[in-house]
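A.B. asks: This is a predicted model, with the sequence first.
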Amino acid sequence: MMAPANLTTMPLEVLLEITSYLDAPSHCALRLTCRGIEAALFRTFAQDYFRKITIMRTEFSLQALVDISESRFGPYLQHVIISTRLLSPKRAFTGRRLPRNERDHGLVKYNQMCSDQFVLLETSYDQELLVEAFRNLNLQVIEVSETAPSYSPNRFLPIYGTSHIFRETSVDIKLDDISSYSNIRKPNAKCVHNVLFALGKAGARPKRFGIETNYSRFDDESLNIPPFMTKAVWPVLSNLEAIDIRVGARSMASIPMGMPDGSDRLETYYLRKFLAQSTQIKRLRIEHIYHFDGFFRWVSASSLDNRSGKFHGLEPAQPPVFTQLQELELGWFQTRFEDIADIVEKFSTTLRKLTLHDLTIILPDPTKQQFEDWPTTIENLAQKCSCLEEVSFSRIAVESGHMRRYIRLPSGSERFSYVGPDMRKVLGYMVEMLPEEELDESDGYDDEDDEELDASDDDDLADFEEYLDYVDGYDDFMDGIDDGLAEDFMYQRIFGV
């Protein structure tokens, strides 16, 4: 008589198809049923849940990263996001009243965690833990990000550490208790420096490095690599193949120490030095460079000239070489049309993809009205972009004098993309994409938009409530795991950190 079919005897492909419909807690529970199923599912489980993680700069979160690096999951970890956000102390009670209930004692513990994090960062112990972890891992992507706590398991990655804080203190920090601001001077800069220095000390050579901030100030000084760091950090930069810098509306707003606060100040000095050392770049993404200090002219220059900005006695940053640059993405800033064309022309030998979004591009002669030089500008752009195989433009405003118009397709869409060999001919059609009338900058925003935004807020709230239910159920599951098994699978350390 044939034995009845069960999970342990069915083909692996069928078992994997079944588990693809499971959420994380259910997947964990299934792996705990027997060693045979655990072994069969291990690789898929590791690829799904340990390929990319986000950590906080706390001792318990960083130690979890070290533990992962020393475990069976280490070889699967390719992408680490390090949050710049810091724990924000909470006022538990007035000085006249001592803690008297469980909530008060939890707040005391939470504030102690905030103090511990401050000491951890001030002593650079976070860098030591990062060095230990990076030395064991073969990371491909490192990001320094102002990542907020997860609102939905399907939208953002949870930050390792939030569940640990909740279990120890009953303080839920998922809403507003992780702050991008603190009494530590320039936390973003310190995080970037420590991560880069740790990569260098560990001998790590990731292929991609990213910086993302949305709410707090990101200074150009964050990319300052002083002489004592260069021996360790320069090899890291020279090995990078992709750089993503998305630094929000408060970006690149510092001046090198001792520089005069004048109109010709160089506000992207350290960014230039950073890029100049990244000679193997194949993909470059930069967003939110607002200041006209000659940055884009510097990028497009073959050698230094007066248009690239004044260095005021600082060691000049040579224009980037980028002999392998294939993809360029620029967004959320204002620049000149000729700067974009010159950049494409400089890297035309290798550049194949150009993405522009949320830009205001100024025509060459702003004194001309009614966009008289638009046709000749497009002709020049199309000629220099003929090397490209793919372009994607969205939400591009064209400015001439005091007038502004948005590039639109005949259908009204603000998105334009093309992949193919006829790039020059296709870009030439952009002459017809500039509407005759000048568009209001509000772009038709009205009360109906308010209603749509309100509805979107309701959807976000529903998503967040769904996520809270997900976390509560997962925490209950974690509490029921046997301690002996927890050591093997590191669930309490990894999923419950």
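C.D. replies: Here it is on my side, so go on. Residues are numbered from 1 along each chain as shown.

A.B. asks: Tell me how many other residues crowd the nearest residue to residue 317 once chain neighbours are set aside.
C.D. replies: Distances taken as C-beta to C-beta, 6 or more residues apart in numbering put residue 272 closest to residue 317, at 3.7 Å, once the chain neighbours are dropped. Every residue, glycine included, has its C-beta placed from N, CA and C. Applying other C-beta atoms under 10 Å, we find 25 residues neighbouring residue 272.

A.B. asks: repeat for the one 3 residues further on
C.D. replies: In terms of burial, residue 275 registers 25 neighbours under the definition other C-beta under 10 Å.

A.B. asks: Same check on residue 268?
C.D. replies: That count, for residue 268 with other C-beta under 10 Å as the rule, works out to 25.

A.B. asks: Setting aside sequence neighbours, what's the nearest residue to it?
C.D. replies: residue 295 (4.5 Å).

A.B. asks: Buried ones in stretch 132-144, by neighbour count?
C.D. replies: Within stretch 132-144, the residues that count as buried by 16 or more other C-beta atoms under 10 Å are 132-134, 136-137, 139-144.

A.B. asks: Let me know the secondary structure of the residue nearest to residue 317.
C.D. replies: helix (DSSP: H, G, I helix; E, B strand; the rest coil).

A.B. asks: Could you check how far it is from residue 221?
C.D. replies: 13 Å (C-beta to C-beta, to the nearest Å).

A.B. asks: quick one, strands of this structure?
C.D. replies: 52-55, 79-83, 86-87, 141-145, 159-160, 178-179, 208-212, 242-246, 283-287, 327-336, 353-362, 390-400, 403-406, 415-419 (DSSP state E).

A.B. asks: Any chance of those in JSON lines with distance to residue 122 and mean pLDDT as columns?
C.D. replies: Shown next, in JSON lines, are those (distance: least, C-beta to C-beta, whole Å; pLDDT from 0 to 100):
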{"stretch": "strand 52-55", "distance to residue 122": "19", "mean pLDDT": "93"}
{"stretch": "strand 79-83", "distance to residue 122": "17", "mean pLDDT": "94"}
{"stretch": "strand 86-87", "distance to residue 122": "12", "mean pLDDT": "86"}
{"stretch": "strand 141-145", "distance to residue 122": "18", "mean pLDDT": "95"}
{"stretch": "strand 159-160", "distance to residue 122": "21", "mean pLDDT": "82"}
{"stretch": "strand 178-179", "distance to residue 122": "17", "mean pLDDT": "58"}
{"stretch": "strand 208-212", "distance to residue 122": "22", "mean pLDDT": "95"}
{"stretch": "strand 242-246", "distance to residue 122": "27", "mean pLDDT": "95"}
{"stretch": "strand 283-287", "distance to residue 122": "31", "mean pLDDT": "95"}
{"stretch": "strand 327-336", "distance to residue 122": "34", "mean pLDDT": "91"}
{"stretch": "strand 353-362", "distance to residue 122": "38", "mean pLDDT": "92"}
{"stretch": "strand 390-400", "distance to residue 122": "42", "mean pLDDT": "91"}
{"stretch": "strand 403-406", "distance to residue 122": "48", "mean pLDDT": "86"}
{"stretch": "strand 415-419", "distance to residue 122": "47", "mean pLDDT": "92"}
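
A.B. asks: highest average neighbour count across those?
C.D. replies: For the strands of the chain, the largest average neighbour count (mean count of other C-beta atoms under 10 Å) is found in strand 159-160, namely a mean of 24.

A.B. asks: Which other helices and strands does it contact?
C.D. replies: In terms of contacts (3 or more C-beta pairs under 8 Å, 6 or more residues apart in numbering; DSSP states H and E), strand 159-160 is packed against strand 52-55, helix 59-69.

A.B. asks: ok, and the closest non-adjacent residue to residue 387?
C.D. replies: residue 348 is the one closest to residue 387 (C-beta to C-beta, 6+ apart), at 4.1 Å.

A.B. asks: That neighbour touches residue 389, doesn't it?
C.D. replies: No: the criterion here is C-beta atoms under 8 Å, and residue 348 misses it with residue 389 at 11.8 Å.

A.B. asks: The residue nearest to residue 317 and residue 334, how far apart?
C.D. replies: Counting by C-beta to C-beta, the gap from residue 272 to residue 334 is 19 Å.

A.B. asks: Likewise for residue 385?
C.D. replies: 20 Å.

A.B. asks: just residue 394 next, same as before
C.D. replies: For residue 394, the distance to residue 334 - C-beta to C-beta - is 16 Å.

A.B. asks: residues touching the residue nearest the centre of the chain, list them.
C.D. replies: The residue lying closest to the centre of the chain (C-alpha atoms, centre = their mean) is residue 212, at 3.9 Å. Residue 212 makes contact with 143-147, 244, 246-247, according to C-beta atoms under 8 Å, 6 or more residues apart in numbering.
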